[in-house]
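J.: how does the following fold in three dimensions:
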Amino acid sequence: MDAGDKFPQFSLPNQDGKTIKLSEYAGKWVILYVYPKDDTKNCTIQAKAFTANKADFDKAGVAVLGLSPDDVGSHKNFCQKFALNIDLLADPKFELLSAIGVGQTAWEGVDYWNRTTFIIDPKGIVAKRYDKVQAEGHDQVLLDDITKLQEEFKAVSR
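T.: Below is the predicted model:
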């Protein structure tokens, strides 16, 4: 799944068990970030940064969704422990993770999904893909890039 590709439709539960569908965001910008595991150092840094900057993403008209193979209960605990205010999607069967072509890396004998981010435009097309994301500061990179991408989108859509 690369820039220019249509992002696959999905229907996955969030930390509260509510089903979240990509179709709910038709006409809106979406950041979908893949992270390896709830309540680990870098995943916590990343989720806390998205939470701290939620107002900036909201102001820019961008929904932020996290995605990992952890289940609903794990996501709920993670959100409660760190007062996270973003939707975290549970994909324990790896359906979306596999469909969007996220790789895995072995660490201490366990395969973890790579930290990857997608910016999806209002038409459901991948505007940008980020591989091997550094957790710290990635939220700011996205805020900077989304402004440019939104301007380009407006220019092309006229």
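
J.: neighbours around Asp87, how many?
T.: Look at Asp87: counted by other C-beta atoms under 10 Å, it has 19 neighbours. In short, each C-beta sits where N, CA and C put it, glycine included.

J.: thought it was touching Asn14?
T.: Yes. In this structure, Asp87 is within contact of Asn14 by C-beta atoms under 8 Å, at 4.4 Å.

J.: low-scoring stretches of the chain, by residue?
T.: In the predicted model, the chain carries pLDDT under 70 at residues 157-158.

J.: and the longest helix along it, what other elements does it pack with?
T.: In the chain, taking DSSP state H as the definition, the longest helix is helix 138-157. Contacts defined by 3 or more C-beta pairs under 8 Å, 6 or more residues apart in numbering; DSSP states H and E place helix 138-157 against strand 29-34, helix 41-52, strand 116-120, strand 126-130.

J.: next, the angle from the second one to strand 116-120.
T.: Helix 41-52 and strand 116-120 are oriented at 30 degrees to each other (axes from the mean of the first three to the mean of the last three C-alpha atoms, to 10 degrees).

J.: list the buried ones in helix 41-52?
T.: Neighbour counts over helix 41-52 (16 or more other C-beta atoms under 10 Å) mark Asn42, Cys43, Thr44, Gln46, Ala47, Lys48, Ala49, Phe50, Thr51 as buried.

J.: cool, stretch 53-70 as well?
T.: Of the residues in stretch 53-70, Asn53, Lys54, Phe57, Val62, Ala63, Val64, Leu65, Gly66, Leu67, Ser68, Pro69, Asp70 count as buried by neighbour count, 16+ other C-beta under 10 Å.
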